[in-house]
Each structure stands twice: as C-alpha cells, then as structure tokens.
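Peer 1: have a look; sequence and predicted model below, questions after that.
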Amino acid sequence: MPRYFTEDHEWIEVDGDTATIGITDYAQGQLGDIVFVEVPAVGTQLAKGKEAAVVESVKAASDVFAPVSGTVSEGNAALEDEPALVNSAPEGDGWFFKLTITDAGELDGLMDEAKYKAFVASL
Amino acid sequence: MSEEPEPDAPRTLPLDAWHRAHGARMVPFAGYEMPLQYEGIIAEHEWTRTHAGLFDVSHMGQLIVTGDGATEALEALLPADVSSLRPGRIRYSLLLAENGGILDDLMVSNATREGGPSAYYLVVNGATKWDDIAHLREHLPDEITLTHLEDRALLALQGPEAAHALERVMRGVTGGLGFMQATEYDFGELHLGIARSGYTGEDGFEISVAAGQAEQLAGRLCAEIEVKPAGLGARDSLRLEAGLPLYGHDLSPETDPVSAGLEFAISKARRESAGFPGAQRILELLANGAPTRRVGLALEGRMAAREGAPVFAGDTQVGRVTSGGFSPTLGDAIAMAYVDARHAADGTALETEVRGKRLPARVVPMPFVPHRYHRKGAA
C-alpha cells in the first residue's frame, strides 16, 4: 500500500479510499516522551492542512494536521492507555486515526518515502 | 515543538561539549544553550526519583555579597532573617520590589569565614541574574562588595541515592551536612562549595566548582553507578511535582509572597522588625489574607493544562494556570494556578479549559509528591 509523507512529519498510508495517519519516527524523536494523544472523533470532517489531532509530550502540546481532506472513520483507542506507542511504534501500532478520503487528487502534492528521507536529512 | 528563539545568540555553558558528548538535545534557555534531555525526560525523571540525577545549573547566578554591614544590607532587600543565619546555613528568600512584588527567588547562605568580614553566597535564577545584579548594585551601600562568580559552574546532584554516591566520591562530606546546610570542600585540587539543597523535592547537593574543572567533576560523579545526567525537562517536571514555583511563570513582579504561598520565607522576626521592601503591603496581606492564592490542581487523566489555561468555578473564571504538565510519578496531569482565595481551599472542585474543553481540576495540597529532604535528626 502506498505511503506518503508531509513536511509537518505526518505519514498517510492509502488503501483504496481509506487512509491511516500517524506521525513519523523523526517527529516522535523530536517530541520526546509522548504522554497524551487526542484523536478526532469518528465522523469528524477534516480539511487538508487543518488541525486533526493533538500530541502532548512532557514539554508541550503539538498539533497534528490532516495530510488530506476526509471523514474520520476510526481513532486509535490503544493510544488512550498507551500513548507511548507513538514513541515505540510511530509508523505502526502508534497510528493516530483513519479517514475516508474526500479527494484522492490531494495526495499528489505529498512526498514519497525517498523524498521524505531526503527532506529530513536536509533539516 | 520548538522554543521561541532568544533575541541574542545563546551563550554556551562550561559543560557544553560534555553535554553533547553525552547525547544531550540542547535548547536555548535563560540565554544559554542548555541540555533539555539526554535519554528522555521521563527516564531521567524516574531515575532521579529512584537513584540520582546530575543537573547542570551553571546558568544560575552565583553571587557573593561581602563587607561589614552585609547582613543589614541584605535584610533591607530580602524578607529573610539574615542576622540569625549562622555560617554554613542556607535560607530560601525573595528579592522584593518596593511594592512587595517578587523580583526573583533565591538561596542565601552565610559564607562568613572565621575572623573575616560578613559574607553571603547567593544563588539566583539564570534568566533574572543580570537584573538582580543591577538591582543589588543600585541598592547595596557602597561599602558592600558584590561579586558575580562568572567563572564558576554549578552542578546539582539530586535523588535518594545522591548522598550515597557523593559520600563514595568524597568521603566524610555528607555526614555533617543536613538539609539547607553548606560547606567548603577541597577535592584534590578542586575547591568546591557544597550545599545540601535542590529543586526536585529529593535529598541532594548543589556543588559550585571552577568552570575549568566542571567537566572533571561531572565525569567523576557520573562514574558512580547511581548517577546519570538529567536535563532541564526532568528538572521542570520534578520541581512541579515537588510544588516548587518557577520564577517567570509561578512568580513574577506581579505576584507577592503571600499570594504565592511563600509566607514561610518571611520569618517571624522580620514580621516584627519589618524594614524589607513592600513590608507594609506584605504584612497587611499576612494579616488579612491575599485575594488570590497559588494552589495545586490535580487533573483527571493525562491531558495537561499548561501555563495560561483559565480556571473556572462554574461559569466564572476564578484563576489561571501558571505551570502544568504530566506528572510521571502520579501518572496524571498536575498544575499550579493562581485562583481567587474563595476557591482556594483544599478539595475545591474547579475546572480548567484546554483547547475548548472543560477538564475537572481539584485543589490539592502541595507538594504533589512528598519531599524527601535529609533533615538532621530525622534520618
């Protein structure tokens, strides 16, 4: 399944018109220990580039943005009891939410893994 | 995710290279590049609560006030009973403005040597030290000398195993030293000032060392199996759990010692003799109570209320959070807030608002996590 990345360090994995979204390993490393994650409620309409979720480290709260527009179909309930999953498995079990994509054309502007790796290396 | 950049390029600490070699993530703080964390804030927090963390607090200002009349000169600026402070004893105090507002909080110890003139050693906050120095220069009489020990570093060794580790390194140094006592110690060619004090709620020591020898001392202490370096992140979460205010957040020129819950810093003798800045207003607040109070808030769950979050009693805003975050020890969010005195009693059910959401917040006594200082006779 194709996986895309944003400059805000979210990843999005696409399976048909459903997408799973989380933050990258680089992002969790920058944030440090994650102690709380607020995921959007099922049914929430999200617009590309707008705040979708909140991730809190010991230090601060940070926004997670929607890489594309869509309707939230599931939040990761496991993060409620174990937010540290975002540190241990950011690009796996530590996913944030799933959504139904409104416009697949919005994926075009995102980076693939090779481009994202180069982007992170340039930071 | 990142801090606001400082207007001037941050300066480096004597231990800068040592921090980087130990994998620290450096951030600008109080005008310096400082270690935020090494291994991780929670790991360092828990290590300090169970073993011992070594913190570099060299950004703080180390000052000497000396000369005949230094005692009286300090009593004119601080509400502490300086005249009853014996050599080798430390007291927490406040630098007060004319209106009783808090310019800084500090530690003062009597560093007078036998036969020498009165001498006091002050440790002040890093972010305020230049203003403090200007204030002291302006207000201390000409015959009193103020020296800024810019060539000294300060290391804080904190945790229940701190004494054990330090005693192994410097035999005999911990036995005679109780909480809030200080001594000088020659460790080989390192001339050290050692205070049994800290900012974590744990037993521990703050050690002043020549900047050029700081790396040697840090390496020697971290060679002990109980000791690991700990950064600013853990320092902040530890002091929050210990209920200790952070200047610039929980204390400011707009807050007074009574609202801040720091009445203990105004000794009985000074309440009678007065003569410290803002005495009239502060004594009035002591007698009649302050209209707002610094309180501890226990939140339900992990979602944190941070600085600036409003505090409500029903629909009415009754206060504001001044610092808050996740407590690794308790597993829940905690905060300090200034609230209307009518809503400040322990157990009062209030609410705070975070990202448009109301969160239950109960007023609880501080510290959130009990202090474990080494009080002589209690051990």
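Peer 2: Thanks, I have it. Residues are numbered from 1 along each chain as shown, chains lettered A, B, ... in the order given.

Peer 1: CA atoms for contacts and neighbours, from now on please.
Peer 2: Noted.

Peer 1: okay, now the nearest residue to residue B:330 once chain neighbours are set aside: neighbour count?
Peer 2: Excluding the flanking residues, the one nearest residue B:330 by C-alpha to C-alpha, 6 or more residues apart in numbering or on different chains is residue B:369, at 7.9 Å. If you count neighbours by other C-alpha atoms under 10 Å in any protein chain shown, residue B:369 ends up with 19.

Peer 1: could you measure from residue B:369 over to residue B:201?
Peer 2: As judged by C-alpha to C-alpha, to the nearest Å, residue B:369 and residue B:201 stand 8 Å apart.

Peer 1: and residue B:93, how many neighbours does it have?
Peer 2: By other C-alpha under 10 Å, neighbour count at residue B:93 equals 24.

Peer 1: thought it was touching residue B:103?
Peer 2: No: with contacts counted by C-alpha atoms under 8 Å, residue B:93 stays clear of residue B:103, the gap being 11.0 Å.

Peer 1: for chain A, just list every one of the strands.
Peer 2: Along chain A, the stretches classed as strands by DSSP state E are A:3-5, A:10-15, A:18-23, A:34-38, A:45-46, A:51-57, A:61-65, A:70-75, A:97-101.

Peer 1: only alpha carbons, please: show the last one as CSV.
Peer 2: The C-alpha trace of strand A:97-101 is given here as CSV (Å, rounded to 0.1, in the frame of the first residue of the first chain):
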residue,chain,number,x,y,z
PHE,A,97,-6.7,7.8,13.1
LYS,A,98,-8.2,6.5,9.8
LEU,A,99,-10.3,8.6,7.4
THR,A,100,-12.3,8.2,4.3
ILE,A,101,-10.5,10.3,1.6
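
Peer 1: tell me the pLDDT of the residue nearest the centre of chain A.
Peer 2: The residue lying closest to the centre of chain A (C-alpha atoms, centre = their mean) is residue A:22, at 2.5 Å. As predicted, residue A:22 sits at a pLDDT of 98.

Peer 1: what is residue B:146 paired to in the beta sheet?
Peer 2: Beta-bridge pairing for residue B:146 (DSSP bridges): residue B:65.

Peer 1: what is the burial count for it?
Peer 2: 20.

Peer 1: do you know how far it is from residue B:67?
Peer 2: With distances taken as C-alpha to C-alpha, residue B:146 is found 9 Å from residue B:67.

Peer 1: need the contact partners of the top helix by length along chain A.
Peer 2: Ranked by residue count under DSSP state H, the longest helix found in chain A is helix A:113-121. Helix A:113-121 has contacts (C-alpha atoms under 8 Å, 6 or more residues apart in numbering or on different chains) with A:3, A:4, A:5, A:6, A:7, A:26.

Peer 1: now the chain, which segments are flagged as low pLDDT?
Peer 2: Looking at chain A here, since you left the chain open. Nowhere does chain A drop to pLDDT under 70.

Peer 1: sorry, should have said chain B
Peer 2: Residue ranges of chain B with pLDDT under 70: B:1-7, B:377-379.

Peer 1: next one: stretch A:64-82 to chain centre, how far?
Peer 2: Relative to its parent chain, stretch A:64-82 has a centroid offset of 7 Å by C-alpha atoms, centre = their mean, to the nearest Å.

Peer 1: for that stretch, measure first residue to last.
Peer 2: As for stretch A:64-82, its first-to-last residue distance stands at 18 Å under the measure C-alpha to C-alpha.

Peer 1: please spell out which residues along that stretch are buried.
Peer 2: Buried residues in stretch A:64-82, counting neighbours by 16 or more other C-alpha atoms under 10 Å in any protein chain shown, are found at A:64-76, A:79-80.

Peer 1: tell me which of these is nearest to chain B?
Peer 2: Nearest to chain B out of those is residue A:80 (C-alpha to the nearest C-alpha; 9.1 Å).

Peer 1: the closest one contacts residue A:37, doesn't it?
Peer 2: Yes: using C-alpha under 8 Å, residue A:80 is in contact with residue A:37, at 6.9 Å.

Peer 1: hang on, residue B:296 is in a strand, isn't it?
Peer 2: Yes: Residue B:296 forms part of a strand when assessed by DSSP: H, G, I helix; E, B strand; the rest coil.

Peer 1: ok, now which ones touch it?
Peer 2: For residue B:296, the contact set (C-alpha under 8 Å, 6+ apart) comprises B:243, B:334, B:335, B:336, B:337, B:363, B:364, B:365, B:366, B:367, B:368.

Peer 1: find the residue closest to the third one in space, skipping its chain neighbours.
Peer 2: Distances taken as C-alpha to C-alpha, 6+ apart put residue B:324 closest to residue B:335, at 3.8 Å, once the chain neighbours are dropped.

Peer 1: which of the helices or strands spans residue B:167?
Peer 2: Assigned by DSSP states H and E, residue B:167 belongs to helix B:162-169.

Peer 1: can you list the neighbours in contact with that helix?
Peer 2: So helix B:162-169 is contacted by B:51-53, B:173-174, B:203-205, B:220-221, B:224-227 (C-alpha under 8 Å, 6+ apart).

Peer 1: let's see it at 6 Å
Peer 2: By C-alpha atoms under 6 Å, 6 or more residues apart in numbering or on different chains, the residues outside helix B:162-169 that reach it are B:52, B:174, B:204.

Peer 1: if you rank those by neighbours, which is first?
Peer 2: Each of the contacts of helix B:162-169 was scored by neighbour count (other C-alpha under 10 Å); the top score is that of residue B:52, with 32 neighbours.

Peer 1: so how many other residues sit close to residue B:288?
Peer 2: Neighbours of residue B:288 (other C-alpha under 10 Å): 9.

Peer 1: just to revisit the earlier point, and the helix or strand following the helix holding residue B:167, which strands flank it?
Peer 2: Later in the chain than helix B:162-169, the nearest helix or strand by DSSP H and E is strand B:182-187. Sheet pairing of strand B:182-187 (DSSP bridges) gives strand B:190-195 (antiparallel).

Peer 1: what are the contacting residues of the partner strand?
Peer 2: B:181, B:182, B:183, B:184, B:185, B:205, B:206, B:207, B:208, B:209.

Peer 1: pull out the buried positions in that strand.
Peer 2: Neighbour-count burial for strand B:190-195, counted by 16+ other C-alpha under 10 Å, picks out B:190, B:192, B:193, B:194, B:195.

Peer 1: as CSV, could you dump the C-alpha coordinates of the helix or strand following it?
Peer 2: With elements assigned by DSSP H and E, the helix or strand that comes after strand B:190-195 is strand B:204-210. C-alpha atoms of strand B:204-210 as CSV (Å, rounded to 0.1, in the frame of the first residue of the first chain):
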residue,chain,number,x,y,z
GLY,B,204,20.6,16.2,47.1
PHE,B,205,23.5,18.6,46.7
GLU,B,206,24.4,21.7,44.7
ILE,B,207,28.1,21.9,44.1
SER,B,208,29.9,25.0,43.0
VAL,B,209,33.1,24.3,41.0
ALA,B,210,35.5,26.4,38.9
